[in-house]
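[1] Build me a model:
(one chain, ligands or ions: 1)
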Amino acid sequence: MTSSASFPDPVAAAVQQAYARYGQQARTWLSGYTQRGGQVYCGAGCTACCTMPIRVSLAEARIMAGTLDAELARAVEAHARAAVANARTAPNEDEYVRRHRLHIGFCPILDRATGGCSRYDARPTRCRDTFSALPARYCAAETWESMGQRERAEYQRVVARTPGTDGELHFIAPLEHLSEPVWEAASRAMRRAWGLEVWGDFWLLTTLAQDERFMAAVQAGDGRRAWQLASGRGLAHRMLLELAPATR
Ligand code: SF4
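    Below you'll find the model as predicted:
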């Protein structure tokens, strides 16, 4: 695996520091949770959540982009193009997510042989803070849709009495809250360094992060130019690429 080595630029450094703080806090929280009898069903080889669409900051995508070899970069770009095609044709967000999970499928960064993330150290916040308090079956695409009324009611009862959930979904909510400072650190660092915040689809931004002209426009705070460059490559869609000038 290629590791995300140290990055000299302040945007990446701010995110790396926030990842480290989150990692420490999450480990401490998880240790207390399991000591109190809480269960976490995630682990190496469990890949059910790696079909989900992922929203990231460009700050995070740059870290991932720095770890890719040419072959994986091509696979990530193909995934991004499939996401754009889906966004252009999906009638609504639910259908977008459904198609993404079922038809676009696994993140190309997943090592299908081991079931592990091949760029674990560089994975984005969403991949770091998604933990399941129920077996992986409940994280898989279409599980909810395939459940009958009684099974859905039972799921809701189990989730409501499972510690660590928000009472509605089986994901462990405090870990998602603990990661909020990472999003905030990325937002602050982008505003400060670029005068521009860039958020969007993980694979699309990871592809654009390798594009020198796109990055030059972003670093100059020129969102309009950055959008044009992404558009010229067929990688601009308002659902998947958000460029917002810093307002404070
Ligand atoms: S980056 Fe890694 S953990 Fe995240 S979806 Fe891709 S393979 Fe899974």
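[2] Near the ligand, which residues of the protein are found?
    Neighbours of the ligand within the chain, by CB under 6 Å from any ligand atom: C50, C107, I109, L110, C117, R123, C127. The way it works is simple: take the backbone N, C-alpha and C, and place the C-beta from them, glycine included.
[3] Go ahead and measure how far the helix or strand of the chain with the lowest mean pLDDT is from the middle of the chain.
    When each helix and strand of the chain is scored by mean pLDDT, DSSP states H and E, helix 143-146 comes last, with a mean of 91. Centroid separation for helix 143-146 versus its chain: 22 Å, with CA atoms, centre = their mean, to the nearest Å.
[4] What of stretch 45-55?
    For stretch 45-55 - counting by CA atoms, centre = their mean - the centre lies 9 Å from the chain centre.
[5] quick one, helices of this structure?
    Along the chain, counting by DSSP state H, helices occupy 10-35, 58-65, 70-89, 93-99, 125-129, 143-146, 149-161, 173-178, 180-194, 202-208, 212-219, 223-232.
[6] Relative to its centre, which residue of this structure is most distant?
    Residue farthest from the centre of the chain, counting by CA atoms, centre = their mean, is R150 at 32.1 Å.
[7] Please report how far it lies from W144.
    14 Å (CB to CB, to the nearest Å).
[8] try R81
    R81 is 28 Å from W144, by CB to CB.
[9] contact partners of stretch 169-178?
    22, 25-26, 29-30, 33, 40, 129-134, 138-139, 155, 158-159, 162, 164-166 (CB atoms under 8 Å, 6 or more residues apart in numbering).
[10] Next up, the contacts around E242.
    E197, V198, W199, G200.
[11] Show the contacting residues for the third one.
    Okay, so that is W199. R55, V56, S57, L58, L205, E242, A244.
[12] ok, 6 Å please
    When contacts are counted by CB atoms under 6 Å, 6 or more residues apart in numbering, W199 touches S57, E242.
[13] what's the pLDDT at it?
    W199 carries a pLDDT value of 98.
[14] Can we start the residue count at 23 from this point?
    Fine by me, first position is 23 from now on; the one you just mentioned is W221.
[15] what about the nearest residue to G138 once chain neighbours are set aside, neighbour count?
    Distances taken as CB to CB, 6 or more residues apart in numbering place A66 nearest to G138, at 5.0 Å, with adjacent residues excluded. As a burial measure, A66 scores 11 neighbours (other CB atoms under 10 Å).
[16] Repeat that for Q241.
    By the criterion of other CB under 10 Å, Q241 has 15 neighbours.
[17] Roughly how far does it sit from L230?
    Distance, Q241 to L230, by CB to CB: 13 Å.
[18] just R179 next, same as before
    For R179, the distance to L230 - CB to CB - is 44 Å.
[19] So between the two, which is more surrounded?
    The neighbour count for R179 versus L230, taken as other CB under 10 Å, is higher for L230 (28 against 10).
[20] hmm, back to that, kindly list the main-chain dihedrals of the residue nearest to G138?
    phi -60, psi 140 (degrees, to the nearest 10).
[21] residue contacts, V181?
    If you count contacts by CB under 6 Å, 6+ apart, V181 has them with T187, H192.
[22] Show the pLDDT at it.
    So, for V181, pLDDT stands at 94.
[23] do A268 as well
    71.
[24] next one: M23
    Taking M23 on its own, its pLDDT is 41.
[25] Check the one 10 residues further on too.
    The predicted structure scores V33 at 96 on the pLDDT scale.
[26] How about the contacts made by it?
    A81, A211, A215.
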